[in-house]
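# 3D model of this:
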Amino acid sequence: MARTPTEIKSLARAHTYSAIKTLSHIMNEPSAPHAARVAAVKELLDRGWGKATQLHGGDPDAGPIVMTWEK
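Numbering: from 1, shown residues only. From the prediction side, this is the model:
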């Protein structure tokens with residue numbers, strides 16, 4: 001039987017403590033590859049503090065972008 005997105009979220013959230021503990025272990029493991037440690041740090045920070053703000057750049061001399069919706 002297929003599960004609903006709500007059920008899947010609930011199942012995933014049941015593993016939160018274990019997942020955070022695993023990420024913490026990877027982050028603190030000196031022999032782990034640097035890429036794995038950085039990925040663990042990023043995931044922990046994103047969950048604890050939210051993802052970093054991403055600035056969107058463009059041509060500062062151009063006018064604002066206008067979007068329209070046509071049916």
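
# which stretches of this protein have low pLDDT?
1 (pLDDT under 70).

# tell me which element the residue most central in space within it falls in.
The centroid of the chain falls nearest to Asp46 when counting by CA atoms, centre = their mean (5.6 Å). Secondary structure from DSSP states H and E places Asp46 in helix 34-49.

# distance between that helix and the chain's centre?
Centroid separation for helix 34-49 versus its chain: 9 Å, with CA atoms, centre = their mean, to the nearest Å.

# could you do stretch 22-33 as well?
18 Å.

# may I have that stretch as CSV, with CA atoms only?
The C-alpha coordinates for stretch 22-33 follow below in CSV (Å, rounded to 0.1, in the frame of the first residue of the first chain):
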residue,chain,number,x,y,z
THR,A,22,25.2,10.1,12.9
LEU,A,23,26.0,13.5,11.3
SER,A,24,27.7,14.6,14.5
HIS,A,25,29.8,11.5,14.6
ILE,A,26,30.9,12.0,11.0
MET,A,27,31.7,15.7,11.7
ASN,A,28,33.8,14.8,14.7
GLU,A,29,35.6,11.8,13.1
PRO,A,30,39.2,13.0,12.2
SER,A,31,39.8,10.0,9.9
ALA,A,32,36.6,10.7,7.9
PRO,A,33,37.1,12.2,4.4
